[in-house]
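1. quick one, structure for this:
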Amino acid sequence: MSSRIVTCVQCGQRNRVPAAASGKPVCGKCRAAVPWIVDADDLSFAAVAEQSSTPVLVDLWAQWCGPCRVVGPALEQVAGELAGTVKLVKVDIDQAPRVQARFDVKAVPTLMIVRDGRVIARQTGASSPAALRSWVERTLQDTKTA
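-> Model (predicted):
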């Protein structure tokens, strides 16, 4: 499994974030929560997304998909705004056909929220950063009280 470099929204420090780990990543400089944005494929999906102790926003996308290229930056913005609350896992369906088949992905982008290994919400299509953030926050709040 690989790691990714993310920038701390508080101080601008670049931090290496592991794909799978316990806890939540923090900035090495200022100790603020940093966006947890990682990639997964067929081999790493279970460890990266389903076994995460942090709720996961899964982005099932494809390089050839125009709406996916639009929603990608919006999702990264939301992951930054919700740093410490949610982990963004990006799955290129062309590189992860088993994940695509398992979740019966017929259109991209398909977004899922996974908590404790279960899909608790799913939507298809691109949305604005504000709409995405609202959907994630509402879903996590609703399932916390359920």
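
2. since we're on the residue nearest to Ala40 when sequence neighbours are not counted, how many residues are nearby?
-> Spatial nearest neighbour of Ala40, chain neighbours left out: Val48 (4.2 Å); criterion: CB to CB, 6 or more residues apart in numbering. Placement of C-beta: from N, CA and C, glycine included. Other residues near Val48 come to 24 when the count uses other CB atoms under 10 Å.

3. what's the answer for the one 10 residues further on, then?
-> Counted with other CB under 10 Å, the burial measure for Val58 works out to 25 neighbours.

4. change the start of the numbering to 35 and stick with it
-> Will do, 35 is the new start, and the previous item becomes Val92.

5. per-residue pLDDT, it?
-> On pLDDT, Val92 comes in at 98.

6. ok, residues contacting the one helix or strand it maps to?
-> Taking DSSP states H and E as the criterion, Val92 maps to strand 90-95. Contacts to strand 90-95, defined as CB atoms under 8 Å, 6 or more residues apart in numbering, come from residues 83-84, 102, 105-106, 109, 112-113, 120-127, 133-134, 137, 139, 142-149, 170.

7. quick check: what element follows that strand along the chain?
-> Heading C-terminal from strand 90-95, the first helix or strand you meet, by DSSP H and E, is helix 100-115.

8. now that next one against strand 90-95, angle please.
-> Counting by axes from the mean of the first three to the mean of the last three CA atoms, to 10 degrees, helix 100-115 lies at 160 degrees to strand 90-95.

9. which parts of helix 100-115 are buried?
-> 101-102, 105-106, 108-115 (16 or more other CB atoms under 10 Å).
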